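Novice: Sequence below, structure please.
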Amino acid sequence: MTTEDFRRIALSMPGALEKAHMGHPDFRVKGKIFATLWPKDGWGMVKLNPEQQHEFVRAEPNVFAAVKGAWGLRGCTSVHLDAASEKTVRSAISAAWKLIASKR
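Specialist: The predicted structure follows:
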């Protein structure tokens, strides 16, 4: 999985837009971030709920990890792109998009 693959998948979600936040690309739906990308580091981040995060980390601990601190406790999940398959990343991005898109 490359950063361009992550970007392509994120932008394939309905209504997704790429913006920038703190010097790196993020992906938004309805103005809210559902995924972020750190191209230089080969990492992505998806906003999940804590239960979803637990399942992704349990299923593929070499790919997913909770972000450190309070953000991680809320479900923000790092994605190690070099260790990930497209199917896995698509599933995580889709879950993040659905969670954010469903909020009012």
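Novice: Go ahead and flag the most central residue of this protein.
Specialist: Taking Cα atoms, centre = their mean as the criterion, residue 46 is the residue nearest the geometric centre of the chain, at 2.0 Å.
Novice: Excluding sequence neighbours, find me the nearest residue to residue 52.
Specialist: residue 95 (5.5 Å; Cβ to Cβ, 6 or more residues apart in numbering). Where you see a C-beta, it was placed from the backbone N, CA and C, and this is true even at glycine.
Novice: and the one you found, what pLDDT?
Specialist: pLDDT, residue 95: 98.
Novice: Show residues contacting the host helix or strand of residue 53.
Specialist: Assessed by DSSP states H and E, residue 53 sits inside helix 50-59. The contact list for helix 50-59, computed with Cβ atoms under 8 Å, 6 or more residues apart in numbering, reads 48, 63-66, 72-77, 92, 95, 99.
Novice: now the strands: where do they sit in this protein?
Specialist: Here the chain has its strands, by DSSP state E, at 17-21, 24-29, 32-38, 43-47, 64-66, 76-80.
Novice: want to try JSON lines for these, with mean pLDDT and distance to residue 5 as columns?
Specialist: JSON lines is the format used below for the strands of the chain (pLDDT from 0 to 100; distance: least, Cβ to Cβ, whole Å):
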{"stretch": "strand 17-21", "mean pLDDT": "93", "distance to residue 5": "14"}
{"stretch": "strand 24-29", "mean pLDDT": "96", "distance to residue 5": "13"}
{"stretch": "strand 32-38", "mean pLDDT": "96", "distance to residue 5": "10"}
{"stretch": "strand 43-47", "mean pLDDT": "97", "distance to residue 5": "10"}
{"stretch": "strand 64-66", "mean pLDDT": "97", "distance to residue 5": "16"}
{"stretch": "strand 76-80", "mean pLDDT": "98", "distance to residue 5": "11"}
